[in-house]
Each structure stands twice: as structure tokens, then as C-alpha cells.
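Enquirer: for reference, the sequence and a predicted model appear below.
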Amino acid sequence: MTNGDGGLAVRARNFQLRIGVDGTPFAGWPDRDLLAAMEAAGAKGVGVGCRGGGCGRCRVRVVSGEYTTGKMTRNHVSVEEEKNGYGLACRIYPRSDLVVIWEPLQPGTPR
Ligand code: FES
């Protein structure tokens, strides 16, 4: 795809994503989930599992920023937790710069 001046079209605005407040920022886009952006950048800090919203390994708490979420199991993030900023990194799509912290459920955590 090209833009009006014949150059390559510039992808929609990207955002700065961080794992942890002091984490090294990496680029994210509204159409790429947080986990995929982390992996594409070679960044680390969130566990990777199914990449499909089912295993819960990538469960995070969003410290700051705006985002939307895709379909995910309620086995790992309840509706109440989602309201409080929890989500699955593979189902979080940034809408601004984001800071998240990896907070996987501990084994045996009652659901
Ligand atoms: S990697 Fe399995 S739910 Fe995100």
C-alpha cells in the first residue's frame, strides 16, 4: 500500500508498551495484542502459553493506559478482575501507551 506521495504508507500510530514501570519500552499497535507485540520486539516479562486467551499464563494487571480486550476465558480473569485492570496479554489491544505487570494466578487459587 502506498500513500499519496508514492512512499510506503505509515502504519497507524504505535504506542510505547512496558512490562513493569521501569521496563524497557517496546512498540505496540491497536491491531496487535500485547503479547504478540512483546514477542515481536524480543522483549520478556510476561509468560507465554497458548496465545489464544485460554491458558491464563499471560495474565497481567494493567497499571496505566487504555486498551480493549478480545474474547477470553473467565477461568483466569473474572468480570470483577477485568473491571480492576486485569486481563490476558494475548487478548489486550493497546489504545494508548501501556504499563502492565505480569500477575499469573498461583496454583490452587480459588476461582
Ligand atoms: S497465552 Fe494463554 S491465555 Fe494468553
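Expert: Noted; the coordinates are in hand.
Enquirer: can we go C-alpha only for contacts and neighbour counts from here?
Expert: Noted.
Enquirer: tell me where this protein has strands.
Expert: Ranges of strands in the chain, per DSSP state E, are 15-19, 26-28, 59-64, 67-69, 86-88, 92-94, 98-102.
Enquirer: quick one, what contacts the spatially most central residue of the chain?
Expert: The chain has L34 as the residue nearest its centroid, 2.7 Å off, counting by CA atoms, centre = their mean. Each residue near L34 by CA atoms under 8 Å, 6 or more residues apart in numbering is listed here: 17, 28, 89-94.
Enquirer: residues near the closest residue to R13 other than its chain neighbours, how many?
Expert: Of all residues not flanking R13 in the chain, W29 sits nearest, at 6.9 Å (CA to CA, 6 or more residues apart in numbering). The number of residues packed near W29 is 20, by other CA atoms under 10 Å.
Enquirer: pLDDT value on W29, please?
Expert: Note on W29: pLDDT of 95.
Enquirer: and what of Q106?
Expert: 77.
Enquirer: if I look at it, how far off is the ligand?
Expert: 14 Å (CA to the nearest ligand atom, to the nearest Å).
Enquirer: and that residue, how far is that from S78?
Expert: 15 Å (CA to CA, to the nearest Å).
Enquirer: more neighbours: which of the two?
Expert: Between Q106 and S78, counted using other CA under 10 Å, the more crowded position is S78 (14 against 7).
Enquirer: let me see the contact set for that one.
Expert: Neighbours of S78 in contact, by CA under 8 Å, 6+ apart: none.
Enquirer: can you tell me which of the strands of the chain is most buried?
Expert: strand 86-88 (a mean of 29; mean count of other CA atoms under 10 Å).
Enquirer: can you tell me the average pLDDT over the lengthiest helix in the chain?
Expert: In terms of residue count, the longest helix belonging to the chain (DSSP state H) is helix 34-41. Per-residue pLDDT over helix 34-41 has a mean of 98.
Enquirer: quick one: it to strand 98-102, angle?
Expert: Calculated by axes from the mean of the first three to the mean of the last three CA atoms, to 10 degrees, helix 34-41 forms an angle of 100 degrees with strand 98-102.
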